[in-house]
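Asker: Got a predicted structure here, sequence first:
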Amino acid sequence: MTLEEDAREYHSEEPAGKIEISTTKSTNTQRDLSLAYSPGVAAPCLDIADDPDRAYEYTAKGNLVGVVSDGSAVLGLGDIGGQASKPVMEGKGVLFKRFADIDVFDVELDADDVDEFTGIVSAMEPTFGGINLEDVSAPECFEIESRLREEMSIPVFHDDQHGTAIISGAALLNALDIVDKDLDSIRVTFAGAGAAATATARFYVSLGVRPENIVMCDIDGILTTERAEAGELNEYNREFARDVPAGDVADAMEDADVFVGLSAGGIVSPEMVRSMADDPIIFAMANPDPEITYEAAKNARDDTVIMATGRSDYPNQVNNVLGFPFIFRGALDVRATEINEEMKRAAAEALAELARQDVPDAVVKAYGDQPLQFGPDYVIPKPLDTRVLFEVSSAVAQAAMKSGVARREIDLTEYHERLEARVGKSLEMLRVILNKAQSASKRVVLAEGDNEKMIRAAARIESEGIAKPLLVGDRDAIESVVSTRGLEFEPTVVDPTDDVLDEYADQLYRRRQRKGVTRREASELVRTDPNYLASVMVAAGDADAMLTGVTHHYPSALRPPLQVIGTKPDTEYAAGVYMLAFDDRVVFCADATVNRDPSADVLAEVARHTASLARQFNVDPRVAFLSYSDFGSVDNDGTQKPREAARQLTADPSVDFPVDGEMQADTALVEEMLTETYEFSDLEEPANVLVFPNLEAGNISYKLLQRLGDAEAVGPMLVGMDKPVHVVQRGDEVNDIVNLAAVAVVDAQED
């Protein structure tokens, strides 16, 4: 099937199109409907009539953007009209929702002139929190945007102009840093003089490029003052006419430091690239075919060539999706009256700064495991990097407040946390732990310290103030990774090959001498097995917590800390807990990694520790012991274990959380079943701590919940240990290590 056929099937599959309207409030009862519509809706209507700003409180206006087009300049298709452009505008709505959780109404107009277009759009101001103009032809787009910005008190943003400007501006900032050139001294050549090129040139001037150092070309050649005086240029690109000899793109590119292509494919040759200044920067952004191919530009010369295109199959894709969702997110959340130059610069600078940071493993995997590290082939972030939402939206909101166009002041720290919650419930929950960890840092030893993921995690753990990381491993190997990855991090290393470890060997020998370990074997273990060394460091008080598991099977990673550190004095067994975050709830699943066939006593112990873990996340625990039986409906050895565990906790006066069982999983999670069928249950609300009868059930169930329920999983978190120890799963990502480090720090704080 061709791409065109596949696309037609994709769009026509029922329901047709790509977007729909869904309700955000309950509509299940007559009372619900009376609140949603008549007669209840009258109350908020009257409030808004008295105070128009209350529309943001009572309606979706504050999260609703109008994507408006007349279809006069659809990318790659030209003037196809409003209705034919509707699939594109729906697609724009998909991107707004996917990347920034912004709702969209797409509005396609049959408007014949600027007056009609602006009149229609300005009349819709009561509906929207912002307007995104899309695929409107030049030069009309300049006047339309200018007039709408004057007439409307909500943000109006023509993405075809400013999106490319902002994203390529971020790339320019980083590219210049790599080749060690300054904004105020570079010469920039533009191929193209339309809306995107003109807006991009203006934005570069805003960043610091000298206007006299910009030369712009259209299809007829260089924009010269002679052509401007002859009336060949429009009022918008006339500002970039220069008093220079006439010529073409090849002439304009000679000795240029930067080439910006927003024109047509294939117009630049390798010879033209060779005529540029040392270490040239080439942004060939014509789509689908760039002005020069990536390979041709890179092979044209031997020095550094930083190349960006609009294509996803090459490095440095200048993609507008890196801009408009997050710019609008920040603007909407402070109720900005416009998107001004300060906000656009803030977005570009935030993108540039983000590209310099270590790239999460999830992003690397999403792009086929290709290397992503700040340098000539990575000067702007990837669209699937969720950090773009936090960094760019926060920067835009801050700039709006600072420049005086925000009608609402917000706390930026709290705002950052709210943005994380939009990405997923797990990030919202983890923020609780991260804030606690940052309040009183501890020392966390990373057993597999010369593993690249552990080193990158250590850099983040330290830079974010979560903990003081201690890396166990080869010092030279660790420092090599730090250097190669460009990490701004001075690691603290415990190197078994050259550090004096006699004290740790003595510690291990004293703890294991009557359990089969000789003094010589103890010395060998601390030098050859990093898990034993890290465990002894924690036991000796030289570290407060321990992480391991990236390169070991779970049982082999867990064995040394169990032998050296052991469980709490009142505890016989450790257990592995996963937190599963759904859209509307969080549940803790135990035990999913450690105890194969626990007794009733062990189940009760696991429940206590898991309830304590839930409280670390500021969750009030409600414990259910699960089975295939409901409160004695089946009576055998298997159902008696969870029943007895529940009885033990219920009878214990020190237990200050609700607990019940045995019960089936749906009974534990469905409120109607608890309150109507089993009204006698001690659980008045659905359980959020699920204790499974054995390891097999726990492991299978949490994976089913995660995959079929589309839950985000955090863990496994080890509970019951005498000192904080967490064993990540083999193949876990840097984010997982950082998150478990934060959990370990909070464990240590409580200890």
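Answerer: Received, thanks. Numbering: from 1, shown residues only.
Asker: pull the helix or strand with minimum mean pLDDT from this protein.
Answerer: In the chain, no helix or strand scores lower on mean pLDDT, DSSP states H and E than helix 3-12, which sits at a mean of 71.
Asker: quick one: that helix to chain centroid distance?
Answerer: 29 Å (CA atoms, centre = their mean, to the nearest Å).
Asker: so where is the protein shaky, pLDDT-wise?
Answerer: 1, 3, 366, 368-369, 424-427, 751 (pLDDT under 70).
Asker: Scan it for its longest helix.
Answerer: Across the chain, the longest stretch assigned as helix under DSSP state H is helix 159-179.
Asker: Helix or strand next in line after it, which one?
Answerer: strand 188-191 (DSSP states H and E).
Asker: Need the residues that contact that next one.
Answerer: 197, 200-201, 204, 209, 213-217, 240, 249, 252-253, 256-263, 267-268, 291 (CB atoms under 8 Å, 6 or more residues apart in numbering). No exception for glycine: its C-beta is placed from N, CA and C like everyone else's.
Asker: residues touching the residue nearest to the spatial centre of the chain, list them.
Answerer: The C-alpha lying nearest the average C-alpha coordinate of the chain belongs to Thr386 (CA atoms, centre = their mean; 1.6 Å). Counting by CB under 8 Å, 6+ apart, Thr386 touches Pro360, Val423.
Asker: 7 Å instead, please
Answerer: Val423 (CB atoms under 7 Å, 6 or more residues apart in numbering).
Asker: circling back: so which of the contacts of strand 188-191 are in helices?
Answerer: Going by DSSP H, the helices hold Ala197, Thr200, Ala201, Tyr204, Val249, Ala252, Met253 from the contacts of strand 188-191.
Asker: Now do the third one: how many residues are near it, please.
Answerer: Read that as Ala201. 25 (other CB atoms under 10 Å).
Asker: my guess is it meets Asn213, correct?
Answerer: No. When contacts are counted by CB atoms under 7 Å, Ala201 is not listed as touching Asn213 (10.6 Å).
Asker: any idea how far Ser275 is from Asp255?
Answerer: 7 Å (CB to CB, to the nearest Å).
Asker: Following element in sequence after the helix or strand where Leu332 lies, please.
Answerer: Using DSSP H and E, Leu332 sits within helix 324-333. Next helix or strand after helix 324-333 toward the C-terminus (DSSP H and E): helix 341-355.
Asker: Now find how far off-centre the next helix or strand after that next one is within its chain.
Answerer: Downstream of helix 341-355, the first helix or strand assigned by DSSP H and E is helix 361-366. Relative to its chain's centre, helix 361-366 lies at 11 Å (CA atoms, centre = their mean).
Asker: Could you do stretch 476-487 as well?
Answerer: On the basis of CA atoms, centre = their mean, stretch 476-487 sits 25 Å off its chain's mean C-alpha point.
Asker: same check, this time on stretch 172-179
Answerer: With CA atoms, centre = their mean, you get 24 Å for stretch 172-179.
Asker: Which residue is the nearest non-sequential neighbour of Asp70?
Answerer: Leu109 (4.9 Å; CB to CB, 6 or more residues apart in numbering).
Asker: Mind listing what's buried along stretch 161-180?
Answerer: The neighbour-count check on stretch 161-180 (16 or more other CB atoms under 10 Å) flags 161-176, 179 as buried.
Asker: Quick check: phi and psi on the residue of the chain most remote from its centre?
Answerer: Using CA atoms, centre = their mean, the residue of the chain lying farthest from its centre is Ala230. It sits 51.1 Å away. Main-chain torsions, Ala230, degrees, to the nearest 10: phi -80, psi 0.
Asker: how much space is there between it and Leu223?
Answerer: 12 Å.
Asker: And Arg356, how far from Val619?
Answerer: Applying CB to CB, the value for Arg356 to Val619 is 36 Å.
Asker: thinking again about what came up before, contacting residues for the residue farthest from the centre of the chain?
Answerer: Residues in contact with Ala230 (CB under 7 Å, 6+ apart): none are found.
Asker: same check, this time on Gln83
Answerer: Gln83 touches Glu108, counting by CB under 7 Å, 6+ apart.
Asker: got the CA positions of the helix or strand hosting Val432 in CSV?
Answerer: Assigned by DSSP H and E, Val432 belongs to helix 425-439. The C-alpha trace of helix 425-439 is given here as CSV (Å, rounded to 0.1, in the frame of the first residue of the first chain):
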residue,chain,number,x,y,z
LYS,A,425,0.1,10.8,36.8
SER,A,426,3.4,9.1,37.7
LEU,A,427,5.3,12.3,37.2
GLU,A,428,2.9,14.1,39.5
MET,A,429,3.4,11.4,42.2
LEU,A,430,7.2,11.4,41.7
ARG,A,431,7.3,15.1,42.2
VAL,A,432,6.2,14.5,45.8
ILE,A,433,9.2,12.2,46.3
LEU,A,434,11.6,14.5,44.4
ASN,A,435,10.6,17.5,46.5
LYS,A,436,11.1,15.5,49.7
ALA,A,437,14.5,14.2,48.5
GLN,A,438,15.7,17.7,47.6
SER,A,439,14.8,19.0,51.1
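Asker: who touches the helix or strand immediately after it in the chain?
Answerer: Using DSSP H and E, the helix or strand that follows helix 425-439 towards the C-terminus is strand 442-446. Contacts of strand 442-446 with the rest of the structure, by CB under 7 Å, 6+ apart, involve 454, 458, 461, 467-472, 534, 537-538, 543-547, 741, 744-745, 748-749.
Asker: Next, the angle from strand 442-446 to helix 425-439.
Answerer: Counting by axes from the mean of the first three to the mean of the last three CA atoms, to 10 degrees, strand 442-446 lies at 120 degrees to helix 425-439.
Asker: Return the list of strands paired to strand 442-446, each annotated with direction.
Answerer: Using DSSP bridges, strand 442-446 pairs in its sheet with strand 467-472 (parallel), strand 545-548 (parallel).
Asker: In CSV, list these along with mean neighbour count.
Answerer: Listed next are the strands paired with strand 442-446 as CSV, based on neighbours: other CB atoms under 10 Å:
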stretch, mean neighbour count
strand 467-472, 24
strand 545-548, 30
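Asker: want to throw the ones you listed into JSON lines with distance to Asp660?
Answerer: As requested, these are exported to JSON lines (distance: least, CB to CB, whole Å):
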{"stretch": "strand 467-472", "distance to Asp660": "37"}
{"stretch": "strand 545-548", "distance to Asp660": "33"}
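Asker: Walking through the stretch 601-750 of the chain, point out its strands one by one.
Answerer: Using DSSP state E, counting those that start in this stretch, the strands of the stretch 601-750 of the chain run over 623-626, 659-663, 689-691, 712-719, 725-727.
Asker: Rebuild the ones you listed as CSV, extending it with distance to Pro360.
Answerer: Formatted as CSV, the strands of the stretch 601-750 of the chain follow (distance: least, CB to CB, whole Å):
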stretch, distance to Pro360
strand 623-626, 34
strand 659-663, 38
strand 689-691, 29
strand 712-719, 14
strand 725-727, 19
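Asker: These: which one's closest to Pro381?
Answerer: strand 712-719 (21.4 Å; CB to CB).
Asker: Return the alpha-carbon coordinates of that closest one using CSV.
Answerer: Extracted in CSV, the C-alpha atoms of strand 712-719 (Å, rounded to 0.1, in the frame of the first residue of the first chain):
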residue,chain,number,x,y,z
GLU,A,712,2.8,4.2,34.0
ALA,A,713,4.9,2.0,36.4
VAL,A,714,7.4,3.1,38.9
GLY,A,715,9.6,0.5,40.6
PRO,A,716,10.2,-2.0,41.8
MET,A,717,10.7,-0.3,45.1
LEU,A,718,12.2,-2.6,47.7
VAL,A,719,10.5,-2.4,51.2
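Asker: Noted, bye for now.
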